[in-house]
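# here is the input, now give the coordinates:
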Amino acid sequence: MTVAARASQRKHSAPEAARLLAWYDRHARVLPWRARRGERPDPYRVWLSEIMLQQTTVKTVLPYYARFLARWPTVEALAAASRDDVLRAWAGLGYYARARNLHACARAVVAIHGGRFPDDPRALRALPGIGEYTAAAIASIAFDRPVVPVDGNVERVVTRLFAIEDELPAAKRRVRALACSLAPARRAGDFAQALMDLGATLCSPAKPACSLCPWSDVCAARARGLQERLPRKAPRPAGALRQGAAFVALRADGTVLLRRRPATGLLAAMTEVPGSAWRPDLSPTAALRSAPRFARPVRWRALPGRVKHVFTHFPLELVVFVAHLPRATRAPRGMRWVSLDAARDEALPKVMRKVLIHALDGDNGARP
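The predicted structure follows:
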């Protein structure tokens, strides 16, 4: 009987799980948040890495994880930090709600659980920023609870293993049930990480290395020649293009004008260059009405080209305006002057870093 048939009868597939674990013992990736053989996993490190890895690659996360851990080595230390410091340390990693929830979760773990992460998935889901997948990942990896976290890598492995041709995300519930049917009675954490590693290294989106896979002989997709066509995904509707303007005010003392975004909404509480609203039909002329107001008239010059950035739900194009002001110019209410060197340490989202680079690279205007 094939692994697919056994799973459909909701039986554990012990031989396949054992084979995957044996492969993992030989080929597991070495990652800074993973416990070594014989060591007990640190729930704080597991949680921190899982939050950072949401929608982000391991390569991108590694330096951020190292900096966070060096600065805040425990959940108590992170809870005691200011939110602004956490946002500044997160700047450039994207999906900034994760940083706000990270800080809120640390405080909740300290306030509610005495600084100890709960080992129950339901209790974990009650914490800020922890959904079903992250709760399962923490429970299995940190506490060896018998649950299977299903991320994109695991979805791909399971979809191919059982040749599931239904489109995602509609097939998510079925994929999750089949993943759970494979889980062994022991080493739940290692099994979860083995599935992740298999998807990240061998069962890749394009040109999977089937000949090296420990499940190659029981993979239904490989048997049918479908491995490179699965999983099937429903097309995601593209968001409408939004446009806006960014105003880079440079003072003669080497400072730039910055402000904080609102506490809620997209890029909440992050630092930004003053700008207009982002709308589908906003013209540069209309956007100029949103320019910062100073005591004296300011000449804004539009730079050639546009800054382009893609958010999860829409693409964005910004016209960048630059103005040069005298050293004594006061900042408008709610804004502040920051030296260009210090701006690197501000909680600037990636799109605003692009704006500053575009402004400084393209500006050849006369100084006051």
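
# contacts only, for the residue nearest to P332 when sequence neighbours are not counted.
What sits nearest to P332 in space, not counting adjacent residues and going by Cβ to Cβ, 6 or more residues apart in numbering, is P292, at 5.0 Å. Where you see a C-beta, it was placed from the backbone N, CA and C, and this is true even at glycine. For P292, the contact set (Cβ atoms under 8 Å, 6 or more residues apart in numbering) comprises 247, 249, 257, 274, 298, 332, 335.

# so can I have JSON lines of those showing pLDDT?
Formatted as JSON lines, the contacts of P292 follow (pLDDT from 0 to 100):
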{"residue": "F247", "pLDDT": "97"}
{"residue": "A249", "pLDDT": "97"}
{"residue": "L257", "pLDDT": "97"}
{"residue": "P274", "pLDDT": "97"}
{"residue": "V298", "pLDDT": "93"}
{"residue": "P332", "pLDDT": "95"}
{"residue": "M335", "pLDDT": "97"}
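
# give me the low-pLDDT residue ranges for the stretch 151-300 of the chain?
Counting by pLDDT under 70, the stretch 151-300 of the chain contains no low-confidence residues.

# where along it do the helices fall?
Here the stretch 151-300 of the chain has its helices, by DSSP state H, counting those that start in this stretch, at 152-161, 172-182, 188-201, 220-223, 284-287.

# pick the most buried one from those helices.
helix 152-161 (a mean of 24; mean count of other Cβ atoms under 10 Å).

# so who does R299 touch?
So R299 contacts A323 (Cβ under 8 Å, 6+ apart).

# so how far is F247 from it?
12 Å (Cβ to Cβ, to the nearest Å).

# same question, R107
According to Cβ to Cβ, R107 stands 35 Å off from F247.

# out of those two, which sits in the busier spot?
F247 (23 against 19; other Cβ atoms under 10 Å).

# what count of nearby residues applies to M52?
Quick note: M52 (other Cβ under 10 Å) scores 23 neighbours.

# tell me the contacts of it?
Contacts of M52 by Cβ under 8 Å, 6+ apart are 61, 64-65, 68, 93, 98.

# one more: L124?
Counting by Cβ under 8 Å, 6+ apart, L124 makes contact with 117-118, 130, 134-135, 138-139.

# rerun at 7 Å
Shown in contact with L124 (Cβ atoms under 7 Å, 6 or more residues apart in numbering): 118, 130, 135, 138-139.

# and for D345?
R88.

# now the phi/psi pair for it, please.
Note on D345: backbone dihedrals following degrees, to the nearest 10 are phi -100, psi 0.

# tell me how the chain divides into domains.
With domains defined by automatic domain parsing, the chain comprises 3-223, 242-362.

# follow-up on the earlier one: weed out the non-buried ones from the contacts of P292.
Among the contacts of P292, those scoring as buried are 247, 249, 257, 274, 298, 335 (criterion: 16 or more other Cβ atoms under 10 Å).

# the fourth one and L257, how far apart?
Using Cβ to Cβ, P274 is found at 6 Å from L257.

# could you do the second one as well?
Taking Cβ to Cβ as the measure, A249 falls 4 Å from L257.

# what's the closest non-adjacent residue to the residue of the chain most remote from its centre?
In the chain, the residue that sits farthest from the middle, by Cα atoms, centre = their mean, is R296; the gap is 42.4 Å. Once flanking residues are discounted, R296 sits nearest to T329: 7.9 Å by Cβ to Cβ, 6+ apart.

# what is the burial count for the one you found?
The number of residues near T329, taken as other Cβ under 10 Å, comes to 21.

# that one and V298 touch, don't they?
No - the pair T329 and V298 fails to qualify as a contact (Cβ atoms under 7 Å) at a distance of 8.8 Å.

# identify the residues contacting the closest residue to A206 other than its chain neighbours.
Using Cβ to Cβ, 6+ apart and skipping residues adjacent in sequence, the residue nearest A206 is E228, 6.7 Å away. Taking Cβ under 7 Å, 6+ apart, we find E228 in contact with 206-208.

# and which of the residues you listed is nearest L340?
A206 (41.4 Å; Cβ to Cβ).

# ok, which stretches of the stretch 1-150 of the chain are helices?
Going by DSSP H, counting those that start in this stretch, the stretch 1-150 of the chain shows helices at 3-8, 14-27, 43-53, 58-71, 75-80, 83-90, 97-113, 121-125, 132-143.

# redo those helices as a markdown table? Include distance to D151 and mean pLDDT.
Compiled in a markdown table, the helices of the stretch 1-150 of the chain are given as follows (distance: least, Cβ to Cβ, whole Å; pLDDT from 0 to 100):
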| stretch | distance to D151 | mean pLDDT |
| --- | --- | --- |
| helix 3-8 | 19 | 44 |
| helix 14-27 | 16 | 93 |
| helix 43-53 | 8 | 97 |
| helix 58-71 | 12 | 97 |
| helix 75-80 | 23 | 98 |
| helix 83-90 | 20 | 94 |
| helix 97-113 | 15 | 97 |
| helix 121-125 | 15 | 97 |
| helix 132-143 | 6 | 96 |
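
# in CSV, list those along with distance to A263.
As requested, those are arranged in CSV below (distance: least, Cβ to Cβ, whole Å):
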stretch, distance to A263
helix 3-8, 47
helix 14-27, 43
helix 43-53, 20
helix 58-71, 23
helix 75-80, 19
helix 83-90, 10
helix 97-113, 9
helix 121-125, 24
helix 132-143, 24
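
# of all the ones you listed, which one is nearest A268?
helix 97-113 (6.6 Å).

# elements contacting the closest one?
helix 75-80, helix 83-90 (3 or more Cβ pairs under 7 Å, 6 or more residues apart in numbering; DSSP states H and E).
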